[in-house]
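J.: make a model of this:
(one chain, ligands or ions: 1)
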Amino acid sequence: MEKKQAKEVHDVKYFRELLEYWDAYMYALINEIYVGVGISLGLSEKEAYDLAKNKPGVLQKGFFSSIFNKFKSLFRHKVPKFRPKKGQFGDGSPMTEVQWDKFNAGIDNYWREYAHKVTENIAVKGFMLGRETTNFRKKKKPYKNKSLYQVSFDQYDGEMPSTLQEAYKNYDFDKSEKIVLNKSFSNVAMYVQETNSEIKEAIRQQVQTGITENKTPIQIASDLYWNVQKDEELVNKYSAESLKRNFHRIAQTELASVYEAGILAPHESEAMESLKDPAKAKYFVRLGGTCPWCRSKQGTLVRLIPASIVEDTKSESLRSMGIKDPNTDIAIWPGKNNVGIKKDNWLICCPAHPYNVATFGLIDIKDEWYNPKTKEVEERQVKQKFVPQDIDYTIGKEEKEYRKPTIVGENLVRYNDNIYEAVPAHEYNRKLEASRRDASLPIPVNESSPSYRRIFEAARGNK
Ligand SMILES: [Zn+2]
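T.: Have a look, this model is predicted:
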């Protein structure tokens, strides 16, 4: 079980509203799937919906409709009924694999049709909002209380794009921005797909247990929804309620990462040019965040580099990438994250952890400074000047030796203090997934990728 992370509230209204809609819509889908299962277990439609509404008081009557009404001019997603064929769980005998496959296929279809569509919409809007935020900040426009509706009508004539295609067709995206947005979307989609697997696992688990324990259909359905009587912390991951909570964590964290990608991506091509012409370097400062870790990072100056040049996503030292910068040694890039990294080793990124609301603010270090009193980037007054943190970034000779690619086992290489494992192409995705979840596993490297040559062939040369 994941440790409890304090929830944080984003300070920008249109961000909060986008999250509110996505959350409510996905809740409604999950709810609908559970209602469908309840009915299939033999409950009447009314009983199933009542059960879905009546427990811990979260879903008071009208919960969904009030949120959907609020956003009706912005979103047109429907929540259609989910109805497995009658009697799918009906006769009380354990279900066969074939029956489960059939049932799961029904959920897959429903999810593909509705959850993924809304997710694309949210990812596109989240990214566009990140771009707008940079513009608002640049023009010194107050923006934190702007609603999603206002942004949509002021900047997009009420038709904010809802698909990647619409966004690319109607708005200026350079190539590297498209790459970033595509990547962010597929990352979010992966989490949404995982929720689908959790739902299927949860239903199967509860139904099987219920059948084994001779529970009535109503009892099984009720366990499915809440099962919280003995479980007030909701540690039972198989109830609808804990699925929804998990989804909320994913939604807030992933929306923040798409939004931040939208803040950084427009500057990536200039960041690329800055590798040759340091005068073009793009700097940001880390703003906001409410936990002690984030507070200690407020005002940290970082430099944007293109994601395409990052070989080791767990190292953020500009120097280790061969970039000398007198102002900071910390590199950021779109998509930089702390997934699978222990807190002691967290990198400077936004979001840095679940529910994180910290953000990167563009800074022109010649004319602007970070004011620790207002916690904002401000125009420089004559006497204030940016004082870079006094940190010695030089890496000792011994450490330099240690950081070189070195063979440490069969198919294993240590490089920059990380362990890499060479894997065949067909195993790469699975291994990558596993290593994202468990930081103690080696980082997989596809044997047919350029990184393989860089890391493994270099290691053989260093022997
Ligand atoms: Zn924090």
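J.: looking at the protein, which helix or strand does the model trust least?
T.: The helix or strand of the chain with the lowest confidence, counting by mean pLDDT, DSSP states H and E, is helix 397-403 at a mean of 66.
J.: low-confidence ranges, the stretch 301-450 of the chain, go.
T.: Along the stretch 301-450 of the chain, the parts satisfying pLDDT under 70 run over 382-400, 402, 417, 437-440.
J.: can you map out the strands along it?
T.: 301-304, 331-332, 359-363, 368-371, 376-379, 406-409, 412-415, 418-423, 443-446 (DSSP state E, counting those that start in this stretch).
J.: return the list of helices and strands in contact with the longest one.
T.: Using 3 or more Cβ pairs under 8 Å, 6 or more residues apart in numbering; DSSP states H and E, the elements in contact with strand 418-423 are strand 412-415, strand 443-446. All C-beta spots, glycine's among them, are computed from the backbone N, C-alpha and C.
J.: out of the ones you listed, nearest to the ion?
T.: Taking Cβ to the ion, strand 443-446 is the member of the helices and strands packed on strand 418-423 nearest to the ion, at 24.7 Å.
J.: who does the strand or helix carrying residue 181 touch, helix- and strand-wise?
T.: Element membership of residue 181, judged by DSSP states H and E, is helix 175-212. The contact analysis (3+ Cβ pairs under 8 Å, 6+ apart) places helix 175-212 against helix 13-40, helix 97-110, helix 116-138, helix 164-170, helix 217-225, helix 240-264, helix 268-274.
J.: residue contacts, the residue with the shortest distance to the centre of the chain?
T.: What sits nearest the mean C-alpha location of the chain, by Cα atoms, centre = their mean, is residue 254, with 2.3 Å. With contact taken as Cβ atoms under 8 Å, 6 or more residues apart in numbering, residue 254 is in contact with 187, 188, 191.
J.: could you do residue 364 as well?
T.: So residue 364 contacts residue 283 (Cβ under 8 Å, 6+ apart).
J.: could you measure from it over to residue 370?
T.: Noted for residue 364: a distance of 12 Å to residue 370, by Cβ to Cβ, to the nearest Å.
J.: same thing with residue 271?
T.: Taking Cβ to Cβ, one finds residue 271 at 20 Å from residue 370.
J.: same deal with residue 405?
T.: In terms of Cβ to Cβ, residue 405 sits 37 Å off from residue 370.
J.: check residue 303 too.
T.: Taking Cβ to Cβ as the criterion, residue 303 is separated from residue 370 by 14 Å.
J.: equivalent analysis for residue 450, please.
T.: Applying Cβ to Cβ to residue 450 and residue 370 gives a distance of 37 Å.
J.: more neighbours, these two?
T.: Relative neighbour count places residue 370 above the other of residue 450 and residue 370, with 21 against 10, counting by other Cβ atoms under 10 Å.
J.: residue 283 is in contact with residue 301, correct?
T.: Yes. Using Cβ atoms under 8 Å, residue 301 makes contact with residue 283 at a distance of 5.9 Å.
J.: and those two? which has more neighbours close in?
T.: Each of residue 301 and residue 283 has its neighbours counted (other Cβ under 10 Å); residue 283 has more, 24 against 21.
J.: who are the contact partners of that one?
T.: Here residue 283 is in contact with 301, 302, 303, 304, 327, 328, 362, 363, 364, 365 (Cβ under 8 Å, 6+ apart).
J.: which one of the residues you listed has the most neighbours?
T.: residue 302 (28 neighbours).
J.: which positions in the stretch 201-350 of the chain make contact with the ion?
T.: 289, 291, 294 (Cβ under 5 Å from the ion).
J.: give me that answer again for 8 Å
T.: The stretch 201-350 of the chain comes close to the ion at residues 289, 290, 291, 292, 293, 294, 295, as judged by Cβ under 8 Å from the ion.
J.: go through the helix holding residue 181 and flag the buried ones.
T.: For helix 175-212, burial by neighbour count (16 or more other Cβ atoms under 10 Å) applies to 176-177, 179-181, 183-185, 187-189, 191-193, 195-196, 198-200, 202-203, 206-207, 210-211.
J.: that one to helix 217-225, inter-axis angle?
T.: Relative orientation of helix 175-212 versus helix 217-225 (axes from the mean of the first three to the mean of the last three Cα atoms, to 10 degrees): 150 degrees.
J.: domain parsing for the chain?
T.: The record's domain parsing of the chain by automatic domain parsing lists 13-260, 275-379, 397-462.
J.: could you dump these to JSON lines with distance to residue 7?
T.: Listed next are the domains of the chain as JSON lines, based on distance: least, Cβ to Cβ, whole Å:
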{"stretch": "domain 13-260", "distance to residue 7": "8"}
{"stretch": "domain 275-379", "distance to residue 7": "5"}
{"stretch": "domain 397-462", "distance to residue 7": "22"}
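J.: in the stretch 351-463 of the chain, what residue comes closest to the ion?
T.: residue 356 (4.9 Å).
J.: would you confirm that that residue contacts residue 8?
T.: Yes. Assessed by Cβ under 8 Å, residue 356 is found in contact with residue 8 at 6.4 Å.
J.: give me the common contacts of those two.
T.: With Cβ under 8 Å, 6+ apart as the test, residue 356 and residue 8 both reach 289, 291.
J.: more neighbours, these two?
T.: residue 356 (26 against 20).
J.: next one: the more buried one from residue 350, what distance?
T.: 7 Å.
J.: please enumerate the shared neighbours of those two.
T.: residue 256.
J.: burial measure for residue 296, as a count.
T.: Neighbours around residue 296, by other Cβ under 10 Å: 10.
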